[in-house]
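K.L.:
Fold the following, please.
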Amino acid sequence: MAQTIFHPAAGRGHANHGWLDTYFSFSFAEYYDPKKVHFGMLRVLNDDTVKGGYGFGKHPHDNMEIITIVLEGTLEHKDSMGHIEAIKAGEVQVMSAGSGIFHSEYNHNKDIDVKLFQIWILTAVPNVQPRYDQAAFNATDRTDRLQLLVSPMGSDDAGLKIHQNAWIHRTLLTNGNTITYTLHGSGQGLYIMVASGSISVNGTALGHRDALGIWDTTTVEIKADSLADVVLIEVPMR
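P.N.:
I've put the predicted structure just below:
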């Protein structure tokens, strides 16, 4: 029988630093909830709004698969591998921190906010050589279907690659339409975040920024109760 955990938007951690307004789905920085440390190998899902001209100065990471989905605006990225990139709305960045990397992230614009989801997934392969990639994903290619953004290294699946048996999809469901997600074998779980709109997942209603984790199942049915932008993160549960 399927197991589920519901994370309402209002129950997330929150910090407002003026230049950064951020919500935490899982324990992060000064926010700690022993019941919300991770969902399987999904360790972080932060919902960030960064004011124009501000950002995160140079800081280190290692042994983590870091995925950034830009929802609005443009994020500027610089790292110790020599990459200087602008990641626009609709684009996705992956960074395998591996044996160690330094990077900074800033709002590329001075006059508009940048809004993004930053996702951290625990790596399956420690101390690999750090790597970086990014790509643009057309919104029309996810209307009423699953658009694959991220998939495991070495797989034949589309999407940017990470060192974990994890898949990230995005879909834009129109009101009344339903899709069925099939998990990639036993031991996998699916974390569903509503970026906008409202959906029902196996009969459970989710609204704006609500999330639901589900595991011990093979398929998940998602129905749109309005026009809904949804991010789906499948990870190993152990």
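
K.L.:
got the end-to-end distance for stretch 91-100?
P.N.:
Distance across stretch 91-100, first residue to last, is 24 Å (CA to CA, to the nearest Å).

K.L.:
can you check stretch 224-238 too?
P.N.:
Stretch 224-238: ends 30 Å apart by CA to CA.

K.L.:
State the mean pLDDT of that stretch.
P.N.:
Stretch 224-238 comes out with an average pLDDT of 98.

K.L.:
Could you pull out the buried residues of that stretch?
P.N.:
Using 16 or more other CB atoms under 10 Å as the test for burial, stretch 224-238 gives 224, 228-237. Backbone N, C-alpha and C define where each C-beta goes, glycine included.

K.L.:
which ones are touching the residue nearest the centre of the chain?
P.N.:
Taking CA atoms, centre = their mean, the centroid of the chain lies closest to I119, which sits 4.2 Å from it. Contacts for I119 (CB atoms under 8 Å, 6 or more residues apart in numbering) come out as 42, 44-45, 66-69, 168, 233.

K.L.:
redo that, cut-off 6 Å
P.N.:
Contact analysis of I119 by CB atoms under 6 Å, 6 or more residues apart in numbering lists 45, 67.

K.L.:
and what of H61?
P.N.:
97, 101.

K.L.:
Domain map for the protein?
P.N.:
12-136, 139-236 (automatic domain parsing).

K.L.:
I'd like these as a markdown table, with distance to T4 appended.
P.N.:
Listed next are the domains of the chain as a markdown table, based on distance: least, CB to CB, whole Å:
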| stretch | distance to T4 |
| --- | --- |
| domain 12-136 | 11 |
| domain 139-236 | 5 |
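
K.L.:
For A2, which of the ones you listed is the nearest?
P.N.:
Smallest distance to A2 across those (CB to CB): 3.8 Å, for domain 139-236.

K.L.:
Distance across the closest one, terminal residue to terminal residue?
P.N.:
End-to-end for domain 139-236, by CA to CA: 27 Å.

K.L.:
In a helix, the residue nearest to the centre of the chain, correct?
P.N.:
No - assessed with DSSP: H, G, I helix; E, B strand; the rest coil, I119 is strand; it does not lie in a helix.

K.L.:
Quick check: beta-bridge partners of it?
P.N.:
L45, I67 (DSSP bridges).

K.L.:
now for the buried residues of stretch 224-238, which pair is the farthest apart?
P.N.:
Using CB to CB, the buried residues of stretch 224-238 span at most 27.9 Å, a distance reached by A224 and P236.

K.L.:
partners of the one helix or strand G57 maps to in the sheet?
P.N.:
Using DSSP states H and E, G57 sits within strand 55-61. Its sheet considered, strand 55-61 pairs with strand 101-107 (antiparallel) by DSSP bridges.

K.L.:
pLDDT below threshold where in this protein?
P.N.:
Across the chain, nothing is flagged by pLDDT under 70.

K.L.:
again, only this time at 90
P.N.:
1, 79, 202-203 (pLDDT under 90).
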